[in-house]
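S.K.: I would like the atomic coordinates for the input below:
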Amino acid sequence: MTYPIFPKSTALGFISGTPDFASESIMMNGGGVRSIVRRTRPLRRYQFGYTNTLVADMRNIVEKIEECRGCGYPVLIRDWRHFSVVDQVFGFGDGTSDGKQLVITFAGARPYDYPVKFLDEDDGAVVIKSNGVVKAINSKTNGVIVPTTPWAVGETLTWTGKYYVAVRLENSTQDVSIDGPNGAYAKINGMTATEDINA
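M.R.: So this is what the prediction gives:
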């Protein structure tokens, strides 16, 4: 699926919330604590805006909002907190040419894999390696990497590149302010969005 891409200039005033596992702690009668974690894959929430933007550029942003029908459909944004990886392991060779999903592994005591579906290749194509050697690929649709030749058995597969996050705006409409000499500048403040893990 193809989704509209918001400009990366949201770096100014961008807030990326920490991953939300919908967890809570419940104090038990005996003094113990019971933890409930409702999501194995967390949601990410964002706040961002476009400020001091030329009116001509703002028209492009508004067109993106119209394209996704406000909060009706997903859009792609750059998560400025985490948008690139270098030599991230995403699997191991198994002798087949089966596609393998790109992931980012967040390690620690309770590691989990975050699937990457939307690649940002504006500054260069994603690089796939097998045991450190660049591997030719046939396709990469939705972040599923299909090699031109079978994956070598037992070899470590890594990727380097940038990616987008699919989100839905939380409000159907946004307020655009016009300012500056002859109304030359425009801004949208305080857009909020939630990751759409089903996109």
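
S.K.: what about stretch 60-74, how long is it end to end?
M.R.: Across stretch 60-74, the terminal residues are separated by 17 Å (Cα to Cα, to the nearest Å).

S.K.: List the contacts of that stretch.
M.R.: 3-7, 50, 53, 75, 166-174, 176, 188, 196, 199 (Cβ atoms under 8 Å, 6 or more residues apart in numbering). To be clear about C-beta, it is placed using only N, CA and C from the backbone, and glycine gets the same treatment.

S.K.: Kindly report the same for stretch 32-39.
M.R.: Asp20, Phe21, Ala22, Ser23, Glu24, Ser25, Ile26, Met27, Met28.

S.K.: ok, of those residues, which come out buried?
M.R.: For the contacts of stretch 32-39, a burial check counting by 16 or more other Cβ atoms under 10 Å picks out Phe21.

S.K.: Between the contacts of stretch 32-39, which sits nearest Ala184?
M.R.: Nearest to Ala184 among the contacts of stretch 32-39, counting by Cβ to Cβ, is Asp20 at 38.8 Å.

S.K.: I'd say that closest one and Arg44 touch.
M.R.: Yes: here Asp20 reaches Arg44: they are 7.2 Å apart, a contact under Cβ atoms under 8 Å.

S.K.: Run through the residues that contact the residue nearest to the spatial centre of the chain.
M.R.: Most central in the chain under Cα atoms, centre = their mean is Val165, positioned 2.0 Å from the mean C-alpha point. The contact partners of Val165, by Cβ under 8 Å, 6+ apart, come to Arg44, Leu76, Ile77, Arg78, Asp79, Phe118, Glu195.

S.K.: now do Ala184
M.R.: Here Ala184 is in contact with Leu54, Val55 (Cβ under 8 Å, 6+ apart).

S.K.: go on, Ser84?
M.R.: Gly161, Lys162, Tyr163.

S.K.: would you turn these into TSV with secondary structure, neighbour count and pLDDT?
M.R.: Output for the contacts of Ser84, formatted as TSV (DSSP: H, G, I helix; E, B strand; the rest coil; neighbours: other Cβ atoms under 10 Å; pLDDT from 0 to 100):
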residue	secondary structure	neighbour count	pLDDT
Gly161	strand	22	97
Lys162	strand	17	96
Tyr163	strand	23	96
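
S.K.: Run a quick check on Phe106 versus Gln88, I expect a contact.
M.R.: No: shown here, Phe106 and Gln88 do not form a contact pair, counting by Cβ under 8 Å, at 10.6 Å.

S.K.: Comparing the two, which residue is more hemmed in?
M.R.: Gln88 (16 against 13; other Cβ atoms under 10 Å).

S.K.: quick one: what helix or strand has the more buried one in it?
M.R.: Assigned by DSSP states H and E, Gln88 belongs to strand 84-92.

S.K.: same thing with Gly49?
M.R.: Using DSSP H and E, Gly49 falls in strand 45-54.
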